[in-house]
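Peer 1: quick one, structure for this:
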Amino acid sequence: MLYIVVGLILVALIFDYINGFHDAANSIATVVSTRVLSPGKAVLWAAFFNFIAAFLFGTAVARTVGVGMIDLNIVTFAVIFGGLTGAIVWDLITWYFGLPTSSSHALIGGYAGAAVAKAGFAAIVPGGWKLTILFIFLSPIIGLTSGLLLMTAIFWLFRSTAPSRVDRWFRRLQLLSAAFFSLNHGANDAQKTMGIIAGVLFAAGYIETFYIPFWVVLIAHTAIGLGTLAGGWRIIHTMGSKITKLQPVGGFAAETGAALALLIATQTGVPVSTTHAITGAIVGVGATRRLSAVRWGVAGQIVWAWVLTIPAAFTIGGGAYLLLRLAGAR
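Peer 2: This is a model prediction of the structure:
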């Protein structure tokens with residue numbers, strides 16, 4: 001039993017690492033594309049704040065993932081492994097093609113697929129999905145609106161200031177906005193892995209009631225921070241330069257707008273997509289210049305990847321569980 005539990009926790013941490021690797025673009029693409037930080041310094045900056053988030057936020061999102069979306073009574077080791085497999089495989093596929101999709105939605109999709117393969121749709125807890133589905137649409141809209149409004153306000157406030165001075169100030173301010181976004185990215189995304197690990201401990205009987213031990217918080221934030229250090233450079237290129245061209249002032253507005261969207265979701269316990277939030281904010285910033293400044297074809301490809309994420313991970317997770325059942329696992 002102990003070996004199975006340790007093995008599943010390691011698989012969950014591998015997902016967490018890949019989450020950081022896959023989503024590093026969310027934290028550093030803007031600050032790299034504006035040349036405020038070199039790629040190496042940017043990943044160190046982001047990884048540090050990913051980890052520090054362990055000491056500043058609660059575990060509301062972890063509880064939602066752990067007990068709010070899937071009926072714990074049907075959760076077994078095979079269900080958890082199948083769900084993690086669905087998330088990991090989809091993350092690697094989208095990383096290969098340079099698509100900034102949601103690791104969060106890949107995880108909940110894979111987890112749901114494995115649970116449904118075991119017990120049918122009765123395994124789904126409808127209440128836990130309502131806000132998550134709602135925020136699939138809300139997070140990019142909040143990010144877009146925040147980025148657009150912040151950029152518009154900055155244009156108005158600094159309309160009489162020399163562009164060189166604005167650029168110099170916002171190069172410094174973008175360090176703060178990148179830190180703010182990385183902090184919220186770590187807070188929301190690391191908690192999803194915490195919920196899965198706590199589910200493993202509960203299923204094994206190591207904890208009698210569902211809660212998140214602090215050592216789980218620490219290892220989850222460590223794994224996502226190490227993944228961010230590795231950096232998924234294919235996706236960074238897509239986020240930082242293919243959607244629209246950013247200056248430091250635009251990078252500041254995009255990061256701050258997206259971080260606000262994540263902060264709202266984290267405080268309400270919603271496992272939201274950091275990718276959706278930052279992509280929406282980048283589009284909003286680009287649209288303040290002119291609509292043609294946004295490469296809508298690239299944005300359309302990203303949206304299609306978003307739409308496919310939960311169904312694809314669901315299918316892979318369900319298939320992985322069925323293969324495990326054929327092998328004798330339950």
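
Peer 1: check what pLDDT the residue nearest the centre of the chain gets.
Peer 2: What sits nearest the mean C-alpha location of the chain, by CA atoms, centre = their mean, is Thr274, with 4.2 Å. On pLDDT, Thr274 comes in at 74.

Peer 1: shaky segments in this protein?
Peer 2: 24-27, 100, 231-246, 289-302, 305, 329-330 (pLDDT under 70).

Peer 1: related to what we said a few turns ago, check contacts around the residue nearest to the centre of the chain.
Peer 2: Contacts for Thr274 (CB atoms under 8 Å, 6 or more residues apart in numbering) come out as Asp23, Asn26, Ser102, Ser104, Asn184, His185, Asn188, Asp189, Ala258, Leu262. From N, CA and C alone the C-beta is placed, and that goes for glycine too.

Peer 1: repeat that for Thr315.
Peer 2: Shown in contact with Thr315 (CB under 8 Å, 6+ apart): Gly86, Gly113.

Peer 1: and for Val125?
Peer 2: Val67, Gly68, Met69, Ile70, Asp71.

Peer 1: which one of those is nearest to Leu308?
Peer 2: Comparing the contacts of Val125 against Leu308 with CB to CB places Met69 closest, at 19.4 Å.

Peer 1: hmm, back to that, where neighbours are concerned, which of the contacts of Val125 has the most?
Peer 2: When neighbours are counted by other CB atoms under 10 Å, Ile70 leads the contacts of Val125 with 28 neighbours.

Peer 1: how is the closest residue to it other than its chain neighbours assigned, secondary-structure-wise?
Peer 2: Distance criterion CB to CB, 6 or more residues apart in numbering; nearest residue to Ile70, sequence neighbours excluded, is Ala115 at 4.7 Å. Under DSSP: H, G, I helix; E, B strand; the rest coil, Ala115 falls in the helix class.

Peer 1: test my guess that Ala115 contacts Ala78.
Peer 2: No. Counting by CB atoms under 8 Å, Ala115 stays clear of Ala78, with 10.4 Å between them.

Peer 1: between the two, which one's more packed in?
Peer 2: A count of neighbours by other CB under 10 Å puts Ala115 above the other of Ala115 and Ala78, at 29 against 22.

Peer 1: quick one: that one from Gly128, how far?
Peer 2: 12 Å (CB to CB, to the nearest Å).

Peer 1: what's the answer for Phe15, then?
Peer 2: The value you get for Phe15 to Gly128, if CB to CB is used, is 19 Å.

Peer 1: the two - which one has more neighbours?
Peer 2: Between Phe15 and Gly128, counting by other CB under 10 Å, Phe15 is the more crowded of the two (28 against 20).

Peer 1: mind listing what that one touches?
Peer 2: Residues in contact with Phe15, defined by CB under 8 Å, 6+ apart, are Leu84, Ala87, Ile88, Asp91, Ser103, Leu107, Thr193, Ile196.

Peer 1: closest to Gly143 among the residues you listed?
Peer 2: Gly143 lies nearest to Ser103 out of the contacts of Phe15, by CB to CB, at 16.6 Å.

Peer 1: list the buried residues for the helix or strand hosting Ala29?
Peer 2: Using DSSP states H and E, Ala29 sits within helix 2-33. For helix 2-33, burial by neighbour count (16 or more other CB atoms under 10 Å) applies to 5, 8-9, 11-13, 15-33.

Peer 1: equivalent analysis for stretch 93-111, please.
Peer 2: Here stretch 93-111 shows 93-95, 98-111 as buried, counting by 16+ other CB under 10 Å.

Peer 1: before I go, just wanted to say thanks for your time.
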